[in-house]
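Asker: Would you be able to build a 3D model of this:
(chains A, B, C and D)
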Protein chains: 2
Amino acid sequence: MKRIADSTVRRLSIYLRFLEGSSQRDLATVSSAELARHGGTTSAQVRKDLSFFGSFGKRGLGYSVPELTNSIRDILGLGREWNVIIVGAGKIGTALAQYHGFRPRGFHVVGVYDTDIGKVGTRWDGIVVRDFSLVTADLASRPVDIAVLAVPAEGAQEAANRLVDAGVKAILNFAPTQLQVPPDVAVRSVNMAMELEGLSYELSSRAR
Amino acid sequence: MKRIADSTVRRLSIYLRFLEGSSQRDLATVSSAELARHGGTTSAQVRKDLSFFGSFGKRGLGYSVPELTNSIRDILGLGREWNVIIVGAGKIGTALAQYHGFRPRGFHVVGVYDTDIGKVGTRWDGIVVRDFSLVTADLASRPVDIAVLAVPAEGAQEAANRLVDAGVKAILNFAPTQLQVPPDVAVRSVNMAMELEGLSYELSSRAR
DNA sequence: CCTACTTTGTGAATACTTTCACAAGCCCCG
DNA sequence: CGGGGCTTGTGAAAGTATTCACAAAGTAGG
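Answerer: Presented below is the predicted three-dimensional model:
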């Protein structure tokens, strides 16, 4: 299958978010122009994005909201449950563990880990923080699809190594570090410093 | 001045992060190949990225770590202090307000806001949470460069509108919504759901 | 000072993404 | 049931970004 651009996948996510809102507002169909307006792109882009995966609309009418919603969920692999663990029970890890946007999208938080003995054993929302050194054994009995890495920059690479050894195939990295992982492991990074610097650049370059 | 690609700016951020680490390790010079290896790209890419802004290296030798660090800081507009406010004192807002990566990079958190009266008046790290309805008046007397938006999706657009009216020119959006703002306002979004869905897509498409 | 070696800076080539533009298909109404 | 009006799906064109490849410029060592 042809490789799909990252930018296309991100936009599908955006369309999906809008569609979920639309179904609550009882809209039956939506046009590529409407999707574009709310997704910050063009109607041609919307149609091209979808065309990589098939043909979902009706000419003259647009897209059925429930049908397109399901199709995009399918494309993104959201038709199943994904097991997720959170590594690092600091401020960000804590906020993430309590974030209620995981469940409804099929991401199931099955564990929280930390190396700090002081944090191990505390619990939020029914999830007990476990010692990170147990992660390899835990994952051997219950496989996990995605690990969310919320540890300080210094420990991030080492933690990632251990997760990869334990069989994790996808990491969402919140540490401000560029992780080195084998090619069969997917990594996405969320880097506050990078985003702020991007804004700083835009503000500075506009002043010129 | 020619428009610089977003991807280039992001990579500059990555190079900068590596350079900051290198100077601690007392490295005097660094080659484009080394920067590439740690930044997950190629040496030609590194050189091309830098070439948009000038000529910073010495042929046969590489780049001086302190000099290149300063040059990139300059390019990114980090040679000054930026005033930042955080809007939304929920879990994510709280975690961000206490994040200690802001200061050393010149981002100065000068205020935290929320609409919830129960939260107004509480304080962390010496910053008192203020009523969001005061933000327009506050910004009139003390301008702010960047607003970090950490409110639920439902209120995000409305909050953004008010910030734009109050003169904010850059928003870092943590709400899972596509904000509509005037073209002279810079927006970057950090969207957990989108990143998780991206990983979900990669995991699913690989299985094929 | 000369030779061998390294690494930058950059046009040109390639690869990838987005936009254009329009035929084809579908709905609706008379 | 046929024509007008929309909107999709998609090749082709335009626009961006990345990679290649090599001359130019520097270092190092005798």
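Asker: Run through the residues of chain A sitting next to DNA strand C.
Answerer: Proximity of chain A to DNA strand C, by Cβ under 7 Å from any atom of the strand, involves residues A:5-8, A:41-42, A:44-45, A:47-48, A:58-61. C-betas here are computed from N, CA, C, even on glycine.
Asker: Of these, keep whichever come out buried.
Answerer: For the residues of chain A next to DNA strand C, a burial check counting by 16 or more other Cβ atoms under 10 Å in any protein chain shown picks out A:T8, A:T41, A:Q45, A:R47.
Asker: Helices - which of the residues you listed land there?
Answerer: Those of these mapping onto helices are A:T8, A:Q45, A:R47, per DSSP state H.
Asker: quick one: which of those is nearest to DNA strand D?
Answerer: Top of the list for closeness to DNA strand D, among these and by Cβ to the nearest atom of the strand, is A:R47 at 3.9 Å.
Asker: Need the per-residue pLDDT for that closest one.
Answerer: pLDDT, A:R47: 98.
Asker: how close does the closest residue to it other than its chain neighbours get to chain B?
Answerer: The spatially closest residue to A:R47, leaving aside those adjacent along the chain, is A:S32, at 4.9 Å (Cβ to Cβ, 6 or more residues apart in numbering or on different chains). Counting by Cβ to the nearest Cβ, to the nearest Å, the gap from A:S32 to chain B is 16 Å.
Asker: if I read this right, A:S32 contacts A:G39, doesn't it?
Answerer: No - applying Cβ atoms under 8 Å, one finds A:S32 not in contact with A:G39, separated by 9.9 Å.
Asker: which neighbours do those two share?
Answerer: Overlap of the contact sets of A:S32 and A:G39 (by Cβ atoms under 8 Å, 6 or more residues apart in numbering or on different chains) consists of A:V46.
Asker: the strands in chain A, which residues?
Answerer: Using DSSP state E, the strands of chain A run over A:29-30, A:63-64, A:82-87, A:107-114, A:123-124, A:127-131, A:146-149, A:170-173, A:186-189.
Asker: ok, stretch A:4-15 near chain B or not?
Answerer: Yes - using Cβ under 8 Å from any Cβ of the partner chain, stretch A:4-15 comes into contact with chain B via A:I4, A:D6, A:V9, A:R10, A:L12, A:S13, A:I14.
Asker: Show me which of the residues you listed are buried.
Answerer: Here, 16+ other Cβ under 10 Å leaves A:I4, A:V9, A:R10, A:L12, A:S13, A:I14 buried among the residues of stretch A:4-15 next to chain B.
Asker: could I get those residues as CSV with distance to B:Y99 and pLDDT?
Answerer: Formatted as CSV, these follow (distance: Cβ to Cβ, whole Å; pLDDT from 0 to 100):
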residue, distance to B:Y99, pLDDT
A:I4, 34, 97
A:V9, 28, 98
A:R10, 25, 98
A:L12, 30, 98
A:S13, 25, 98
A:I14, 26, 98
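Asker: which ones among these are found in helices?
Answerer: Taking DSSP H as the definition of helices, those contribute A:V9, A:R10, A:L12, A:S13, A:I14.
Asker: So which residues of chain A form helices?
Answerer: Ranges of helices within chain A are A:6-24, A:32-39, A:43-51, A:65-75, A:91-97, A:135-141, A:153-165, A:192-207, based on DSSP H.
Asker: which one of the ones you listed is the most hemmed in?
Answerer: Scoring the helices of chain A by mean neighbour count under mean count of other Cβ atoms under 10 Å in any protein chain shown gives helix A:91-97 as the most buried, with a mean of 22.
Asker: Please enumerate residues in contact with it?
Answerer: For helix A:91-97, the surrounding residues in contact (Cβ under 8 Å, 6+ apart) are A:86-87, A:89, A:109, A:112, A:114, A:124-125, A:127, A:148, A:150-151, A:174, B:91-92, B:94-95, B:98-99, B:192.
Asker: Compare the helices of chain A and give me the one nearest B:S204.
Answerer: Taking Cβ to Cβ, helix A:65-75 is the member of those nearest to B:S204, at 8.4 Å.
Asker: Check what contacts that closest one and list those residues.
Answerer: By Cβ under 8 Å, 6+ apart, the residues outside helix A:65-75 that reach it are A:12, A:15-16, A:19-20, A:22-23, A:27-30, A:53-54, A:56-57, A:79, B:201.
Asker: Enumerate every residue touching whichever residue of chain A sits closest to DNA strand C.
Answerer: Closest approach between chain A and DNA strand C, counting by Cβ to the nearest atom of the strand: A:G60, at 2.7 Å. For A:G60, the contact set (Cβ under 8 Å, 6+ apart) is empty.
Asker: quick one: it and chain B, what's the gap?
Answerer: According to Cβ to the nearest Cβ, A:G60 stands 27 Å off from chain B.
Asker: Spell out for me which residue occupies the centre of chain A.
Answerer: Closest to where the C-alpha atoms of chain A average out (Cα atoms, centre = their mean) is A:L172, at 7.1 Å.
Asker: so it touches A:D145, yeah?
Answerer: No - the criterion here is Cβ under 8 Å, and A:L172 misses it with A:D145 at 11.0 Å.
Asker: hmm, the helix or strand bottoming out on mean pLDDT in chain A touching chain B?
Answerer: The weakest-scoring helix or strand in chain A, judged by mean pLDDT, DSSP states H and E, is strand A:123-124 (a mean of 82). No - shown here: strand A:123-124 not in contact with chain B (Cβ under 8 Å from any Cβ), separated by at least 10.4 Å.
Asker: Can you tell me what sits against that strand?
Answerer: Here strand A:123-124 makes contact (Cβ under 8 Å, 6+ apart) with A:T94, A:A97, A:Q98, A:V112, A:V129.
Asker: Can you tell me which of the residues you listed lies closest to A:D138?
Answerer: The closest of the contacts of strand A:123-124 to A:D138 turns out to be A:V112 (Cβ to Cβ; 11.3 Å).
Asker: For burial, what's the neighbour tally of the closest one?
Answerer: Using other Cβ atoms under 10 Å in any protein chain shown, A:V112 is surrounded by 27 other residues.
Asker: Pull the contacting residues for it.
Answerer: Neighbouring residues of A:V112 by Cβ under 8 Å, 6+ apart: A:I85, A:I86, A:V87, A:A89, A:G93, A:A97, A:W124, A:I127, A:V128, A:V129, A:R130.
Asker: just A:L35 next, same as before
Answerer: Residues near A:L35 by Cβ under 8 Å, 6+ apart: A:Y15, A:F18, A:L19, A:S43, A:V46, A:Y63.
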